[in-house]
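Participant: predicted structure and sequence below. I'll ask about it afterward.
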Amino acid sequence: MPLIASMLLTGAMVLQGLQEAQGIPIGEPPLPEDPFKAFFLLTYSPLVEEVGFRISPIGAFLIGYLFLIGRRNEAPLSRAERLKILILTPLFPEKAKRRLGVKTISDFGLKQGISLGEWIMLICTSIVFGLSHYLYGGGWEIGKITSASMVGLALGIAYLVYGFQAPILLHWFFNYYFSAFDLASQLHPSIAAVTSTLEVTTVLFGLAGWLAFTILAIRRGIYAIERRLKKG
């Protein structure tokens, strides 16, 4: 989770930097002037937004989808088992899939472990998440749509892979984590250096993650080409 969070933050920063370089404004979050009210808002908003934008709509879709697919793959379920699946699905989609004999991401990867319907839900909820920041976010500008949609897509995938807690924790990382240190620095200026060090370390950690990801992707591509050449 720390690696995913750092990579996601770095990716969002690069995207926003590219947009601003092209004259596409990002804007600022419409926070109260009182730092404690602002901190409170940043603390509870991830929970509300993740339940509203991701866990509820994607979870509701998964309940219907998994029960439909599960009927084809498994013997009829008892009432108790149906109730377990009903509760488990929106909380831990991977566990619900495994119980019903549906392909999981851990076993088949993102390409085969996420169905077409799930991808459609991920994309739609991400776009709605991005648009909501611009249309109802107050201080956010049009450039926020792209970055928020990208982050929303990553949060949705994290939800499918790890469960309901993953997107909430990642969203808290963006909202709460740095805000906590910023507020602490305002109250105790002596720790401002600690806050700056943490921010730089997080970005460097994210860059290292993207570098490792790129190297692994290149190696996998070379391996796939070699296999095709051998078969040819």
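Facilitator: Looks like it came in fine.
Participant: longest single helix anywhere in the protein?
Facilitator: helix 192-231 (DSSP state H).
Participant: helix or strand with the lowest mean pLDDT in the protein?
Facilitator: Here the helix or strand of the chain ranked lowest by mean pLDDT, DSSP states H and E is helix 56-73, holding a mean of 85.
Participant: for S115, see how far away G109 is.
Facilitator: According to Cβ to Cβ, to the nearest Å, G109 stands 13 Å off from S115. Yep, even glycine has a C-beta here, placed from its N, CA and C like the rest.
Participant: equivalent analysis for K230, please.
Facilitator: Distance from K230 to S115, by Cβ to Cβ: 32 Å.
Participant: phi and psi next, for I26.
Facilitator: The phi/psi pair for I26 (degrees, to the nearest 10) reads phi -100, psi -40.
Participant: low-scoring pLDDT stretches of this protein, where are they?
Facilitator: Applying pLDDT under 70 to the chain picks out residues 70-75, 232.
Participant: for it, which segments count as helices?
Facilitator: Under DSSP H, the chain gives helices at 2-21, 35-50, 56-73, 79-91, 93-100, 105-113, 116-136, 143-162, 165-172, 178-187, 192-231.
Participant: between those helices, which gets nearest to E28?
Facilitator: Of all the helices of the chain, the one in closest proximity to E28, counting by Cβ to Cβ, is helix 143-162 (9.6 Å).
Participant: what's the closest one packed up against?
Facilitator: Using 3 or more Cβ pairs under 8 Å, 6 or more residues apart in numbering; DSSP states H and E as the contact test, the elements touching helix 143-162 are helix 2-21, helix 56-73, helix 93-100, helix 105-113, helix 116-136, helix 165-172.
Participant: any buried residues in the first one, and which?
Facilitator: Judged by neighbour count using 16 or more other Cβ atoms under 10 Å, the buried positions of helix 2-21 are 4-12, 15-16, 19.
Participant: how much space separates L187 from T195?
Facilitator: 12 Å.
Participant: ok, those two, which is more surrounded?
Facilitator: Taking other Cβ atoms under 10 Å, L187 and T195 do not tie; T195 has more neighbours (17 against 9).
Participant: one step back: now the buried residues of helix 2-21 in CSV, with distance to E49?
Facilitator: Shown next, in CSV, are the buried residues of helix 2-21 (distance: Cβ to Cβ, whole Å):
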residue, distance to E49
I4, 18
A5, 16
S6, 21
M7, 21
L8, 15
L9, 17
T10, 21
G11, 19
A12, 16
L15, 19
Q16, 19
Q19, 22
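Participant: which one of those is nearest to F164?
Facilitator: For these, the nearest to F164 is I4 (15.6 Å; Cβ to Cβ).
Participant: dump the residue contacts of that closest one.
Facilitator: Taking Cβ atoms under 8 Å, 6 or more residues apart in numbering, we find I4 in contact with 154, 158, 170, 209.
Participant: next: P35.
Facilitator: 183, 186.
Participant: follow-up on the earlier one: looking at K230 and S115, which is more packed in?
Facilitator: S115 (16 against 7).
Participant: which residues does the more buried one contact?
Facilitator: Contacts here follow Cβ under 8 Å, 6+ apart; on that basis S115 touches 65, 103.
Participant: distance of it from E20?
Facilitator: Taking Cβ to Cβ as the measure, S115 falls 36 Å from E20.
Participant: burial count for L77?
Facilitator: Neighbours of L77 (other Cβ under 10 Å): 16.
Participant: distance check, A154 against G138.
Facilitator: 24 Å.
Participant: more neighbours, these two?
Facilitator: A154 (20 against 12).
Participant: for the more buried one, which non-adjacent residue is spatially closest?
Facilitator: L8 (5.3 Å; Cβ to Cβ, 6 or more residues apart in numbering).
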